[in-house]
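K.L.:
sequence first, then the predicted structure, then my questions.
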Amino acid sequence: MPTTTDAQEMAALRALSATIGADPHLTQAAGGNTSLKAGDTLWIKASGTWLKDALTDDIMVPVAMGPLLEAVERRDPTADKPQAFAIGALNPRGLRPSIETTVHALMPQRVVLHVHCVNTISLAVQTDCEAEATRRLDGVAWAYVPYRRPGLPLAQGIAERLRPGTDVLILGNHGLVVAAETVAEAERLLYRVRSLLARPARETAIPDTAALRALARDSGYRLPAEAEAHAVALDADSCRIAEAGSLYPDHVIFLGPGSAVARPGEQVADVVARLGTDPVAILFPGAGVLMRGDASSGADAMQRCLADVTARVDITARLNYLTAAENDELVNWDAEQYRQKLNTAV
Ligand SMILES: [Zn+2]
């Protein structure tokens with residue numbers, strides 16, 4: 001079989017990126033990223049751009065891979081700023097490479113897909129993730145990487161776990177990475193792993209939109225963009241799981257740490273007064289979810305993601321939550337503030 005050219009692979013990657021970017025069970029908002037290695041250059045999704053726009057917008061940025069990998073090996077803090085390795089001559093719009101560029105550079109395969117797959121995340125927040133994935137991924141060359149902040153810390157965590165031939169990574173409290181020599185093989189591997197990890201969502205009652213509209217009136221809050229977001233407030237276990245803390249980075253970045261849950265009889269103003277702040281989203285158990293009026297499209301996507309993830313978590317499992325320090329390092333991280341700024345503008 002003739003080997004495909006870089007141009008053919010890039011066209012295929014853009015098409016696949018748009019497809020997986022449009023699937024809320026694989027990517028949400030600006031989350032997830034894809035890459036293609038062409039010689040010494042790594043073409044990677046730009047920070048803050050959305051995979052679903054891969055066919056209509058120029059979202060891929062070239063990065064000098066060798067120098068970036070050398071920086072990771074030296075534990076040089078510049079590896080945490082992949083824009084320092086962008087190839088300016090091929091990057092006329094001055095886009096910044098994804099903050100997860102090092103994940104892609106470390107995988108030796110030509111094509112790498114990183115997604116915030118709902119089925120993967122729901123397992124990756126459980127303390128028994130490694131044992132359960134071992135049972136499900138028989139025959140797959142995979143590795144489990146415990147949670148580290150994306151960027152240099154995660155790159156170091158991956159380097160510690162990577163073995164020759166590994167082409168699937170489950171990132172604790174984060175998501176999934178698959179890698180292959182062609183886009184078609186990477187796509188097959190992605191869907192294979194997703195189906196091996198799949199668990200059904202617990203079913204819920206329908207949201208009480210009349211009650212939510214009454215709660216929203218003159219409150220500065222509104223109904224979420226997608227009706228699926230309500231499920232987290234309609235299932236007692238999902239609500240309990242959400243209230244207990246933050247489970248993965250993009251939740252913290254777009255919605256803030258944890259989830260605000262209204263107590264019986266509370267109005268929006270009561271919740272805001274009790275918390276001393278106006279949270280991006282409020283869960284009203286048994287009714288549904290309200291979003292703050294100025295919540296970004298990324299926040300809406302992440303609120304739906306929370307419903308999709310928590311509905312699949314094993315309710316008997318112990319869960320890993322991000323610590324207060326881990327929440328803080330995400331909220332105060334320059335690279336994330338940049339990404340969120342781009343998303344607020346969308
Ligand atoms: Zn990620």
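P.N.:
Thanks, I have the structure now.
K.L.:
so residue 318 touches residue 126, yeah?
P.N.:
Yes - the pair residue 318 / residue 126 is scored as a contact, 7.1 Å apart, by CB atoms under 8 Å. Where you see a C-beta, it was placed from the backbone N, CA and C, and this is true even at glycine.
K.L.:
among the two, which residue is more densely surrounded?
P.N.:
Counted by other CB atoms under 10 Å, residue 318 and residue 126 do not tie: residue 126 has more neighbours, with 21 against 9.
K.L.:
thought the more buried one was touching residue 120?
P.N.:
No - using CB under 8 Å, residue 126 is not in contact with residue 120, being 11.2 Å away.
K.L.:
for the residue nearest to residue 25 when sequence neighbours are not counted, give me phi and psi.
P.N.:
In space, and not counting its chain neighbours, residue 25 is closest to residue 118: 4.5 Å by CB to CB, 6 or more residues apart in numbering. The phi/psi pair for residue 118 (degrees, to the nearest 10) reads phi -60, psi -40.
K.L.:
next one: residue 118 relative to residue 124, how far apart?
P.N.:
Going from residue 118 to residue 124 by CB to CB, to the nearest Å gives 10 Å.
K.L.:
just the element for residue 192, please.
P.N.:
helix 183-197 (DSSP states H and E).
K.L.:
show me what that helix is in contact with.
P.N.:
Residues from elsewhere that reach helix 183-197, judged by CB atoms under 8 Å, 6 or more residues apart in numbering: 9, 12-13, 16, 20, 26, 36, 109, 111-113, 115, 117, 119-120, 123, 133, 136-137, 140, 142, 167-168, 176, 178-180.
K.L.:
can I get it in PDB, CA atoms only?
P.N.:
Listed next in PDB are the C-alpha coordinates belonging to helix 183-197 (Å, rounded to 0.1, in the frame of the first residue of the first chain):
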ATOM      1  CA  VAL A 183      -5.500   9.100  10.400                       C
ATOM      2  CA  ALA A 184      -7.700   6.200   9.400                       C
ATOM      3  CA  GLU A 185      -6.000   3.900  12.000                       C
ATOM      4  CA  ALA A 186      -6.200   6.500  14.700                       C
ATOM      5  CA  GLU A 187      -9.900   6.900  14.000                       C
ATOM      6  CA  ARG A 188     -10.500   3.200  14.300                       C
ATOM      7  CA  LEU A 189      -8.600   3.000  17.500                       C
ATOM      8  CA  LEU A 190     -10.400   5.900  19.000                       C
ATOM      9  CA  TYR A 191     -13.900   4.400  18.400                       C
ATOM     10  CA  ARG A 192     -12.700   0.900  19.500                       C
ATOM     11  CA  VAL A 193     -11.400   2.200  22.800                       C
ATOM     12  CA  ARG A 194     -14.500   4.400  23.300                       C
ATOM     13  CA  SER A 195     -16.800   1.400  22.800                       C
ATOM     14  CA  LEU A 196     -14.700  -0.800  25.100                       C
ATOM     15  CA  LEU A 197     -15.000   1.800  27.900                       C
END
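K.L.:
and that helix, what's buried?
P.N.:
For helix 183-197, a neighbour-count test (16 or more other CB atoms under 10 Å) marks 183, 185-187, 189-190, 193-194, 196-197 as buried.
K.L.:
just send the residues you listed back as a markdown table, with distance to residue 76 and pLDDT too.
P.N.:
Formatted as a markdown table, these follow (distance: CB to CB, whole Å; pLDDT from 0 to 100):
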| residue | distance to residue 76 | pLDDT |
| --- | --- | --- |
| 183 | 31 | 98 |
| 185 | 33 | 98 |
| 186 | 29 | 98 |
| 187 | 34 | 98 |
| 189 | 31 | 98 |
| 190 | 31 | 98 |
| 193 | 32 | 98 |
| 194 | 35 | 98 |
| 196 | 37 | 98 |
| 197 | 35 | 98 |
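K.L.:
format those as CSV; extra columns: distance to residue 297.
P.N.:
Shown next, in CSV, are the buried residues of helix 183-197 (distance: CB to CB, whole Å):
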residue, distance to residue 297
183, 27
185, 32
186, 27
187, 26
189, 30
190, 24
193, 28
194, 24
196, 31
197, 27
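K.L.:
now the strands: where do they sit in this structure?
P.N.:
33-38, 41-45, 60-64, 111-115, 142-145, 168-171, 175-180, 221-222, 260-261, 281-284, 288-292 (DSSP state E).
K.L.:
how about these, which one is nearest residue 203?
P.N.:
Residue 203 lies closest to strand 288-292 among those, at 15.1 Å (CB to CB).
K.L.:
and residue 55, backbone torsions?
P.N.:
The phi/psi pair for residue 55 (degrees, to the nearest 10) reads phi -90, psi -20.
K.L.:
any idea how far it is from residue 19?
P.N.:
Remark: distance between residue 55 and residue 19 (CB to CB) = 9 Å.
K.L.:
before we move on, what about residue 75?
P.N.:
According to CB to CB, residue 75 and residue 19 sit 36 Å apart.
K.L.:
more neighbours, these two?
P.N.:
residue 19 (15 against 12).
K.L.:
tell me the pLDDT at the more buried one?
P.N.:
Note on residue 19: pLDDT of 98.
K.L.:
identify the residues contacting it.
P.N.:
So residue 19 contacts nothing (CB under 8 Å, 6+ apart).
K.L.:
please apply the same query to the one 3 residues further on.
P.N.:
Neighbour list for residue 22: residue 52 [criterion: CB under 8 Å, 6+ apart].
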